[in-house]
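**Student:** I need the structure of the sequence given here:
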Amino acid sequence: ADPAVVVEDVPETTVVSLGVRGSYREERFAEFVDTLEAWLAEHPEWVAAGPPRTLAYNSPFVPGMLKYAEVQIPVAPAPVRDGR
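**Tutor:** Below you'll find the model as predicted:
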């Protein structure tokens, strides 16, 4: 009933993801984005297909050490090069 809340369907996507347990601090999430970007650098068969995002699953009333989230980067197969 809150007009500030928007629910929208988005197309299915493939992501590289890390589960995060603990407080929802931007600095922590940034560290996990760095980890995912390092993984992508080591796996050239995948490229980022969008900006990183965080999915926070718990309410503000859950103690920090019990919270769970995911940090994701949408990915797509890297373009195939023809050797030229």
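**Student:** For the chain, just list every one of the helices.
**Tutor:** Remark: helices assigned in the chain by DSSP state H are 26-42.
**Student:** is the residue positioned nearest the centre of the chain in a bridge, and if so with what?
**Tutor:** Residue closest to the mean C-alpha point of the chain, counted by Cα atoms, centre = their mean, is residue 72 at 1.3 Å. With DSSP bridges as the criterion, residue 72 is bridged to residue 17, residue 53.
**Student:** List the residues that contact it.
**Tutor:** The contact partners of residue 72, by Cβ atoms under 8 Å, 6 or more residues apart in numbering, come to 15-17, 36, 52-55. Just so you know, the C-beta spots here come from the backbone N, C-alpha and C atoms, and that holds for glycine as well.
**Student:** and the gap between residue 5 and residue 14?
**Tutor:** 27 Å (Cβ to Cβ, to the nearest Å).
**Student:** Neighbour count for those two, which is higher?
**Tutor:** residue 14 (12 against 6; other Cβ atoms under 10 Å).
**Student:** ok, and the closest non-adjacent residue to that one?
**Tutor:** Counting by Cβ to Cβ, 6 or more residues apart in numbering, residue 75 is the residue found nearest to residue 14 once chain neighbours are left out, at 5.5 Å.
**Student:** my guess is residue 55 meets residue 70, correct?
**Tutor:** Yes: judged on Cβ atoms under 8 Å, residue 55 makes contact with residue 70 at a distance of 4.6 Å.
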